[in-house]
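# Just need the structure, nothing else, for what follows:
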Amino acid sequence: MYTMNDDDSLPPQRAAVLAFLRGELMAGRSPSLAEVAAAFGFASRNAARKHVQALVADGLLEQVRGRMRGLRLPGGAAGLLPLAVLGRVAAGPPVGADIGLDRQLWLDPRMFSLRPNYLLQVEGDSMVDDGILDGDLVGVHRTPEARDGQTVVARVDGELTIKRLQRGARRIRLLPRNPAHAPIEVRAGQDFAIEGLFCGLVRRG
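All right, here's what the predicted structure looks like:
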């Protein structure tokens with residue numbers, strides 16, 4: 001069986017397919033067989049399937065059963081951390097989370113201040129003064145605890161938002177970092193929970 005460092009032992013075309021798939025998977029895309037065939041000029045998907053099946057058998061790729069685009073990199077790939085994009089988070093009024101977006105990125109954990117458990121895609125501009133922009137992917141370290149002044153992902157009435165936390169003696173506020181947006185006042189008895197801490201972001205060009 002090949003290992004992650006045995007690319008030189010592969011036939012040249014299979015090594016090229018592996019390099020292509022690694023690049024796509026590390027960018028959060030899982031190509032279909034048709035897309036692999038198109039990228040290499042194969043006459044049919046069968047040729048792409050043979051390469052993919054061989055790479056899976058050699059342990060260079062993993063196949064998730066029951067998924068049309070179920071390829072992924074082996075867990076130890078180059079020290080990278082697999083992070084699922086689990087939905088959206090509002091930088092503005094709270095929005096519902098589309099949990100289960102079928103995407104995964106492989107990222108260097110050193111990009112983040114804390115080890116993230118998952119990623120959320122930002123929607124809105126309320127955090128621009130903190131450098132968090134619409135469309136960014138934010139890393140979230142899952143925890144129910146946060147200190148005053150930390151940037152958190154919070155659930156308010158079942159919906160998610162990213163804001164700075166302000167804890168007072170008698171109230172909690174979620175502060176935007178854009179003067180065009182108003183703070184969110186958390187009322188007594190309202191459904192509210194800290195889902196996690198913001199620990200860094202990925203901005204895709």
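
# Domain parsing of this structure, as residue ranges.
As recorded under automatic domain parsing, the domains making up the chain are 7-74, 81-202.

# and the shortest one, average pLDDT?
Over the span of domain 7-74, the pLDDT mean works out to 83.

# Off-centre distance for that domain?
Chain-centre distance of domain 7-74: 21 Å, with CA atoms, centre = their mean, to the nearest Å.

# buried sites along stretch 196-205?
By neighbour count on 16 or more other CB atoms under 10 Å, the buried set for stretch 196-205 is 196, 197, 198, 199, 200, 201, 202. (Each C-beta comes from the backbone N, C-alpha and C, glycine too.)

# Contacts for the host helix or strand of the fifth one, please.
Taking DSSP states H and E as the definition, residue 200 sits inside strand 192-202. By CB atoms under 8 Å, 6 or more residues apart in numbering, the surrounding residues in contact with strand 192-202 are 105, 107, 111-117, 119, 122, 131-132, 136-146, 150-156, 160, 162, 165, 172, 186.

# Same question for stretch 46-54.
Under CB under 8 Å, 6+ apart, the answer for stretch 46-54 is 13-14, 17, 21, 33-34, 36-37, 40, 42, 61, 63, 71.

# Show the residue spans covered by the helices in the protein.
In the chain, the helices defined using DSSP state H lie at 12-26, 33-40, 45-57.

# Output the shortest one as PDB, restricted to C-alpha atoms.
The C-alpha coordinates for helix 33-40 follow below in PDB (Å, rounded to 0.1, in the frame of the first residue of the first chain):
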ATOM      1  CA  LEU A  33     -16.100  11.900 -11.600                       C
ATOM      2  CA  ALA A  34     -17.400  14.000 -14.600                       C
ATOM      3  CA  GLU A  35     -15.300  17.000 -13.400                       C
ATOM      4  CA  VAL A  36     -12.200  14.800 -13.000                       C
ATOM      5  CA  ALA A  37     -12.700  13.400 -16.500                       C
ATOM      6  CA  ALA A  38     -13.100  16.900 -17.900                       C
ATOM      7  CA  ALA A  39     -10.000  18.100 -16.200                       C
ATOM      8  CA  PHE A  40      -7.900  15.400 -17.700                       C
END
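
# Which other helices and strands does it contact?
helix 12-26, helix 45-57 (3 or more CB pairs under 8 Å, 6 or more residues apart in numbering; DSSP states H and E).

# tell me the angle of it relative to helix 12-26?
120 degrees (axes from the mean of the first three to the mean of the last three CA atoms, to 10 degrees).

# Which residue, other than its chain neighbours, is closest to residue 56?
residue 63 (4.9 Å; CB to CB, 6 or more residues apart in numbering).

# typo on my end, it should be residue 91
That would be residue 124: by CB to CB, 6+ apart, it lies 3.9 Å from residue 91.

# any chance you could map the strands in this protein?
Shown for the chain, the strands assigned by DSSP state E span residues 62-63, 71-72, 81-90, 104-107, 118-123, 137-142, 151-156, 159-167, 172-175, 184-186, 192-202.
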